[in-house]
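Engineer: this one's sequence-less:
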């Protein structure tokens, strides 16, 4: 009797493993910039913005070599970008380490202070936090990431501090999934092909087909809940926010410690508050 597995069974057993890694290799920032050939496109400006975005709350001080590695931009070009930013007062240098200066906030202040989304939402976020005694956030989908545009925090529920301007992956966050759920199917497929997926915890969904199922389920349910996929001990639930015209605008969520708030409590107590606030907020948005 032949106990060797057949070719078909081997193929079936490895489908899930192949699925996790089958995707177009993500381009570096530099490769994305170089791929844009429009004569009106200013490569030097794009590189300067990429250098700024290389800094994060985890890496507030970087060397030229580190920035080059993170962006794929040649060291000589990184050096020129940093020199220019330093001369303009956006960057400071200490020995071989560079960090952003407070003046960099002026680049985003005009957006935050003039956008109805951020201006109108803060009182609602504050009210949600007071009602549920948990942190509440509003975010938009920016390429493959969740970008926080407003937040009301009662306590720190993650190891990484979240503030306005913070970014997180969309595929393993409740905000990201509910916002992805609002996209047409072909855009969801394109996102899943392009995104670089990694497991943040043992509960992170890394199968692309499973992720699509979860995203489509969130579309049907009208909310998304993520349990310890981004960080162990963190549970969150999110709903979409629409403008008065009915068009999708942003995502609204509440996050809490999993040991303190159960999944059932999230759906029974937190979800109605989020849905009501999203409806009230919609009246103020275009």
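Structural biologist: Ah, there it is. No experiment lies behind these values; they were computed from the predicted model shown. Numbering: from 1, shown residues only.

Engineer: quick check, residue 61 in contact with residue 100.
Structural biologist: No: Residue 61 is beyond contact range of residue 100, at 9.3 Å (criterion: C-beta atoms under 8 Å). Quick note: C-beta positions are derived from backbone N, CA and C, even for glycine.

Engineer: what is the burial count for residue 37?
Structural biologist: Applying other C-beta atoms under 10 Å, we find 6 residues neighbouring residue 37.

Engineer: where does the protein dip in pLDDT?
Structural biologist: The model of the chain has pLDDT under 70 over residues 1-26, 57-58, 109-116, 155-161, 286.

Engineer: select the longest helix from it.
Structural biologist: Scanning the chain for the helix with the most residues, using DSSP state H, yields helix 116-132.

Engineer: and that helix, what's buried?
Structural biologist: Using 16 or more other C-beta atoms under 10 Å as the burial criterion, the residues of helix 116-132 that qualify are 117, 118, 121, 124, 125, 128, 129, 132.

Engineer: just checking: what are the partner strands of the next helix or strand after it?
Structural biologist: Going down the chain from helix 116-132, the next helix or strand is strand 135-142, by DSSP states H and E. In the sheet, strand 135-142 lines up against strand 145-152 (antiparallel), strand 248-257 (antiparallel) (DSSP bridges).

Engineer: residue 227: which of those strands is closest?
Structural biologist: Among those, strand 248-257 comes nearest to residue 227, with 10.9 Å by C-beta to C-beta.

Engineer: circling back to that earlier point, out of the strands paired with strand 135-142, deepest packed?
Structural biologist: Counting by mean count of other C-beta atoms under 10 Å, strand 248-257 has the highest mean neighbour count of the strands paired with strand 135-142, with a mean of 25.

Engineer: what does the next helix-or-strand element following that one contact?
Structural biologist: Remark: after strand 248-257, the chain's next helix or strand is helix 263-265, criterion DSSP H and E. Residues outside helix 263-265 that contact it (C-beta atoms under 8 Å, 6 or more residues apart in numbering): 225, 227, 235.

Engineer: noted, bye for now.
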